[in-house]
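Visitor: okay, predicted coordinates and the sequence, questions at the end:
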Amino acid sequence: MDCLATIRGRKNAAQGFTMIELLISIAIIGILASLALTSFTIYRQDAEYSKAEADLRNSRTAMEAGSQDLADGYSLALTYSDVVGGVLVDPLAEVMPQGATSKDVRLGASYESCDGGAPGDLNQYIIASSCKANKSISYSRFCNGIEVLVSELPFGCV
């Protein structure tokens, strides 16, 4: 016991921890907690963005199915859904029947019939924005068949 007390610089080994030891341990715990919180926030944003990606994939399928029933010359200007989620309402439901969105995802779409248009004209445009992750993903399809997918756009809920 005398040897341990001499190493620590104390007369009585039963005194406990010094203030410096307590402050250092609290600082280390605080640093670890801040790192964990940052990682948690990033994982949560990625999960919210994944909902927007899934909604875009589902909307592409719904638009492909819906465009088969549209009349020649049909056009829909860029229109956005509500952010509460659920089944799409008109005019988006005309282009995407049975389409739906997740909660906190805003979906926008435009459609232009390719009949009589130039091959480079835009045929379909869909954008899905995650309100919580502040990221968006967009899909464009042109009349000549070229498809463009742009992910991780740095804005949400346009």
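Guide: Everything's here; your move. Owing to the predicted nature of the structure, the values given are computational and were not obtained by experimental measurement.
Visitor: for the residue nearest the centre of the chain, give me its contacts.
Guide: Against the mean C-alpha coordinate of the chain, by Cα atoms, centre = their mean, the closest residue is Tyr49 at 1.6 Å. Tyr49 sits next to Ser130, Ala133, Lys135, Ile137, Glu152 when contact means Cβ atoms under 8 Å, 6 or more residues apart in numbering. Using the backbone N, CA and C atoms, a C-beta is placed for each residue, glycine as well.
Visitor: point out where the protein drops to low pLDDT.
Guide: By pLDDT under 70, the weakly predicted segments of the chain are 1-14, 116, 158.
Visitor: before we move on, the earlier item: name the element the residue nearest to the centre of the chain belongs to?
Guide: helix 19-67 (DSSP states H and E).
Visitor: okay, buried residues for the very next helix or strand once past that helix please.
Guide: Using DSSP H and E, the helix or strand that follows helix 19-67 in sequence is strand 75-80. In terms of neighbour count (16 or more other Cβ atoms under 10 Å), strand 75-80 has its buried residues at Leu76, Thr79.
Visitor: of the contacts of Tyr49, closest to Leu22?
Guide: Nearest to Leu22 among the contacts of Tyr49: Ala133, at 39.0 Å, using Cβ to Cβ.
Visitor: roughly how far does that closest one sit from Ala71?
Guide: 37 Å (Cβ to Cβ, to the nearest Å).
Visitor: ditto for Arg44
Guide: For Arg44 relative to Ala71 (Cβ to Cβ), the value is 44 Å.
Visitor: between those two, tell me which one has more neighbours.
Guide: More crowded of Arg44 and Ala71, by other Cβ atoms under 10 Å: Arg44, with 12 against 7.
Visitor: now do the same contact list for that one.
Guide: Contacts for Arg44 were tallied using Cβ under 8 Å, 6+ apart; they are Lys132.
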